[in-house]
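*Asks:* Sequence isn't available, so here's the structure alone:
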């Protein structure tokens, strides 16, 4: 992705990575749609990795693998998953109750 002979500015590197992620997500979405698969993205892959890693790796290791400069960022990131999982679980409970009527 990056030419080692060129000295990129941090902004140039960030812009290139963001563009790569954008194009990759666009093609993933198309592939999933054309093949009648659930939609996935680089974000969902990162989310899944972090969620699974929570029970197997140390917080410091997950933080390093996600590229966070501070462990507190990783704690906040993982904490959001707990909230999302709780909300999703609660929605399933309500749907079950509603369907039982």
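*Replies:* That came in fine, so what should we check first? Keep in mind that what you see is a predicted model, and the values were worked out from it rather than measured. Numbering: from 1, shown residues only.

*Asks:* In this protein, mark out all the helices, start to finish.
*Replies:* Using DSSP state H, the helices of the chain run over residues 10-34, 42-53, 59-66, 71-100.

*Asks:* in the last one, what counts as buried?
*Replies:* Residues of helix 71-100 classed as buried by neighbour count (16 or more other CB atoms under 10 Å): 74, 77, 78. (Each C-beta comes from the backbone N, C-alpha and C, glycine too.)

*Asks:* Look at the nearest residue to the second one once chain neighbours are set aside and say how many residues are nearby.
*Replies:* Read it as residue 77. Among residues not flanking residue 77 along the chain, residue 50 sits closest, at 6.5 Å (CB to CB, 6 or more residues apart in numbering). The number of residues packed near residue 50 is 19, by other CB atoms under 10 Å.

*Asks:* how near is residue 50 to residue 69?
*Replies:* For residue 50, the distance to residue 69 equals 16 Å [CB to CB, to the nearest Å].

*Asks:* Also residue 85?
*Replies:* In terms of CB to CB, residue 85 sits 26 Å off from residue 69.

*Asks:* Next, format the helices of the chain as JSON lines and append distance to residue 1 and mean pLDDT.
*Replies:* JSON lines is the format used below for those (distance: least, CB to CB, whole Å; pLDDT from 0 to 100):
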{"stretch": "helix 10-34", "distance to residue 1": "6", "mean pLDDT": "95"}
{"stretch": "helix 42-53", "distance to residue 1": "14", "mean pLDDT": "87"}
{"stretch": "helix 59-66", "distance to residue 1": "19", "mean pLDDT": "93"}
{"stretch": "helix 71-100", "distance to residue 1": "24", "mean pLDDT": "78"}
